[in-house]
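Chemist: everything below, folded, please.
(one chain, ligands or ions: 2)
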Amino acid sequence: MSIRRLPPELINRIAAGEVVERPASALKELVENSLDAGATQVAVRLHAGGLELIELVDDGCGMNADEMRLALERHATSKLPSDAIDQVTSFGFRGEALPSIASVSRLTLESRVRGADGWRIAIDHGELAGEEPAALPPGTRIRVEGLFDKVPARRKFLRSPRAEYAACLDAVKRLAMARSDVAFTLDHDGRRILTLQPAAPPVRVAELLTHDLDRHGIGIDCTRDGLRLTGVISLPTFNRGVADQQYLFVNSRPVKDRLLVGALRAAYRDLIARDRHPIAALFVEVPLDEVDVNVHPAKTEVRFRDPAAVRGLIVGGLRHVLDEESQRSAAREQAAAPVMWTSSASYDSNLVRDPRERGGPAVPEGGGIPAFAGMTGVAEDQRLFDHAPAGRAEPAAEPVPSYPLGVARGQVAATYIVAEAEDGLVIVDQHAAHERLVLESMRAARQGGAVARQALLIPEVVELDEPDCDRLEGAAAELAEMGLELERFGPAAMLVRTVPAALGKTDPGGLLLDLAGEIAELGGPLSLRDKLDRVAATIACHGSVRAGRVLSVAEMNALLREMEVTPRSGQCNHGRPTWVKLGHADIERLFGRK
Ligand SMILES: Nc1ncnc2c1ncn2[C@@H]1O[C@H](COP(=O)(O)OP(=O)(O)O)[C@@H](O)[C@H]1O
Ligand SMILES: [Mg+2]
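Modeler: Ligands and ions are numbered 1, 2, ... in the order given. Next comes the predicted model:
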């Protein structure tokens, strides 16, 4: 067996397979180079998703002719002056991108250092195709044409120009979010797609993701143990069906890390349905020696020395702001409505912390939920508006006490509480609201010790699949902690001895079935705490006042008061808003008085 050194050409092509898998990765490398060169403006032009042309113009420091030749050589870089690979602050440092791209395309590099003349070098699939003086403003211009045209093996894996374009757009967006101080433009097939002026990070993020983040986003800025977290996340009620708008930046570098997905899940647990996803752009700053950026050729992954600390920073930081903003919720779009119904999103959510401060009736001591226990849940599948209006308004006490959610005036369709507040009309979804209250009270009780339980006079036997019984049996200790005491009763049945008192009368069969499903799904690496919260949410949903339950005025008021003092009461456990408000001005507008 004879061993030979690979020719540089082949080495470059092998590297190209790792660094530039597709147009978007080439584009990413080029934009990173511009940013490393101190550009304040980056202009990108693409044709056919970058397959035909990627062109990039920057106003960075530029290169002279010698530097340009060197830049096209493998492992030539200006970015590791002290060889300290663990102290990298630039995007690049491996000196691989330019030679790799040049080996699989026709590449023209033009550059000019301020105060000097410009130069042009053309490379055709790794071979020098010409050099000459060039006229251009200070900075660098790179054209990459026919990427992978002569590499059929790679070409086969490329997707349609549309899909490649989408990936390019995403790459530009990530870098534009990472560096909001730099101006960007992006053109595709002759059409201007992006024009971004330098802006503060949250403004840039909103520009790139959705402008609604202005209203429905929460800003974050916290530090812990030398780590800093800043960024924007969406309110739980402002969520998406796919997790495509979740971005993580580590020391300004866009990275893809599974840690983010898990941390977001944990932070939004029980605030959002499992199949819905928040929007997030999070910027983590860690000391350079806490993170290794040299673990992936494209540098899109990093390795934290202490991933748990980073996860803790994100989960803790997000949870904190989510709790603080918990009574806000994003109004759902009211397309047909002549006025905007607002929920807490546009309402300064300075809800009263304790109604007693305003001389109102005290809520039950210990933050317990109002006396709903014993209510029978009405099957929710009945048609909602079958009910006659239950307009049992209280005589208008004057003046309306200043409760943020007002005083109950009646109930519509046995589902919605209508209340009068000082500043408008409030409608509350009783099931959504009560579900949240039950969950929060269970959570508070669990933190304070044991959850109140209620023994069943006659233990109930629930028949289930054997695997479901196994799951419930395996979780029996945790469930008991929440007031649900179960025992195995033969191969395919469970015996229910107690239920959480907050549940009132409930159907243990449905609850156990849901819990078993929940536990099956949670099998993964969730912490016990996360698990208990999720299980508590499922229990809470079962224990809540169903839509269709007629409430007395006292019960409605108790629910409103309780919402005002309960954290996270702006949304139910599935991320839907629990209440909406129509302001006086809006009511007047409805009647043409304004
Ligand atoms: N747009 C640019 N402006 C100025 N210099 C550049 C530009 N692009 C590349 N360079 C120079 O070329 C070198 C090689 O680039 P590259 O192959 O991407 O490797 P790396 O970025 O890892 O150093 C860089 O270190 C830099 O000195
Ligand atoms: Mg580079």
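
Chemist: which residue packs closest to residue 59, ignoring adjacent ones?
Modeler: Excluding its sequence neighbours, the residue lying closest to residue 59 (Cβ to Cβ, 6 or more residues apart in numbering) is residue 139, at 4.2 Å. All C-beta spots, glycine's among them, are computed from the backbone N, C-alpha and C.

Chemist: so where do the helices sit in the stretch 201-350 of the chain?
Modeler: 201-208, 213-216, 258-267, 307-324 (DSSP state H, counting those that start in this stretch).

Chemist: residues contacting the residue nearest to residue 59?
Modeler: 37, 39, 57-60, 62, 111-112 (Cβ atoms under 8 Å, 6 or more residues apart in numbering).

Chemist: and if you look at residue 314?
Modeler: 229, 259-260, 263-264, 267, 282, 284.

Chemist: ok, it to ligand 1 distance?
Modeler: 29 Å (Cβ to the nearest ligand atom, to the nearest Å).

Chemist: any of the contacts of residue 314 buried? List them.
Modeler: 229, 259-260, 263-264, 267, 282, 284 (16 or more other Cβ atoms under 10 Å).

Chemist: identify, from the residues you listed, the entry nearest to ligand 1.
Modeler: Nearest to ligand 1, judged by Cβ to the nearest ligand atom, of the buried ones among the contacts of residue 314 is residue 284 at 22.5 Å.

Chemist: how many neighbours does the residue in the stretch 101-250 of the chain positioned nearest to ligand 2 have?
Modeler: For the stretch 101-250 of the chain, the residue closest to ligand 2 is residue 101, as judged by Cβ to the ion, at 9.8 Å. Residue 101: 26 surrounding residues under other Cβ atoms under 10 Å.

Chemist: and if you look at the one 4 residues further on?
Modeler: Counted by other Cβ under 10 Å, the residues lying close to residue 105 total 27.

Chemist: quick check: phi and psi at it.
Modeler: With angles defined as degrees, to the nearest 10, residue 105 sits at phi -160, psi 180.

Chemist: quick check: residues of the stretch 1-150 of the chain near ligand 1?
Modeler: Within the stretch 1-150 of the chain, the positions lying close to ligand 1 (Cβ under 6 Å from any ligand atom) are 29, 33-34, 37, 58, 60-63, 71, 76-79, 92-98, 140.

Chemist: and those residues near ligand 2, which?
Modeler: By Cβ under 5 Å from the ion, the members of these lying near ligand 2 are 33, 92, 97.

Chemist: pull the contacting residues for the last one.
Modeler: For residue 97, the residues meeting the contact criterion (Cβ under 8 Å, 6+ apart) are 19-20, 26, 29-30, 32-33.

Chemist: ok, the residues you listed vs residue 239, which is closest?
Modeler: residue 32 (31.3 Å; Cβ to Cβ).

Chemist: what residues does the helix or strand hosting that closest one touch?
Modeler: Residue 32 is part of helix 23-36, with elements assigned from DSSP states H and E. The contact list for helix 23-36, computed with Cβ under 8 Å, 6+ apart, reads 19-20, 42, 44, 46, 49-51, 54, 56, 58, 60, 79, 90-92, 97-98, 101, 105, 140, 142, 144, 147, 158, 164, 167-168, 170-172, 174-175, 179, 182, 298.

Chemist: for this structure, which spans come out with low pLDDT?
Modeler: Low-confidence segments of the chain (pLDDT under 70): 15-17, 326-401, 449-450, 502-506, 520-535, 542-548, 573, 594.

Chemist: so in this structure, which strand runs the longest?
Modeler: Scanning the chain for the strand with the most residues, using DSSP state E, yields strand 453-463.

Chemist: partners of that one in the sheet?
Modeler: Sheet partners assigned to strand 453-463 using DSSP bridges are listed as strand 493-500 (antiparallel).

Chemist: would you mark the buried spots in the strand it pairs with?
Modeler: Quick answer for strand 493-500 (16+ other Cβ under 10 Å): 494-496, 498-500.

Chemist: sorry, back to before: hmm, the residue of the stretch 101-250 of the chain closest to ligand 2 is touching residue 144, no?
Modeler: Yes - using Cβ atoms under 8 Å, residue 101 makes contact with residue 144 at a distance of 5.9 Å.

Chemist: now the common contact residues for those two.
Modeler: Common neighbours of residue 101 and residue 144 (criterion: Cβ under 8 Å, 6+ apart): 26, 30, 107.

Chemist: so who does the closest residue to ligand 1 within the stretch 151-300 of the chain touch?
Modeler: For the stretch 151-300 of the chain, the residue closest to ligand 1 is residue 299, as judged by Cβ to the nearest ligand atom, at 8.8 Å. Contact analysis of residue 299 by Cβ under 8 Å, 6+ apart lists 91-92, 94, 253, 293.

Chemist: give me phi/psi at it?
Modeler: For residue 299, the backbone dihedrals (degrees, to the nearest 10) come out as phi 60, psi 30.

Chemist: could you measure from it over to residue 177?
Modeler: 16 Å (Cβ to Cβ, to the nearest Å).

Chemist: hey, where'd the strands end up in the stretch 101-250 of the chain?
Modeler: Counting by DSSP state E, counting those that start in this stretch, the stretch 101-250 of the chain has strands at residues 106-112, 118-124, 127-134, 139-145, 183-188, 191-196, 217-224, 227-234, 246-250.

Chemist: the third one - contacts with which helices or strands?
Modeler: In terms of contacts (3 or more Cβ pairs under 8 Å, 6 or more residues apart in numbering; DSSP states H and E), strand 127-134 is packed against strand 106-112, strand 118-124.

Chemist: ok, back up a step: turn the helices of the stretch 201-350 of the chain into CSV, including distance to residue 237.
Modeler: Output for the helices of the stretch 201-350 of the chain, formatted as CSV (distance: least, Cβ to Cβ, whole Å):
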stretch, distance to residue 237
helix 201-208, 17
helix 213-216, 8
helix 258-267, 15
helix 307-324, 11
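
Chemist: okay, those helices, which one's buried deepest?
Modeler: Neighbour counts (mean count of other Cβ atoms under 10 Å) averaged over each of the helices of the stretch 201-350 of the chain peak at helix 201-208, with a mean of 21.

Chemist: how about the secondary structure of the closest residue to ligand 1 within the stretch 1-150 of the chain?
Modeler: Ranking the residues of the stretch 1-150 of the chain by distance to ligand 1 (Cβ to the nearest ligand atom) places residue 92 first, at 2.1 Å. For residue 92, the assignment made with DSSP: H, G, I helix; E, B strand; the rest coil gives coil.
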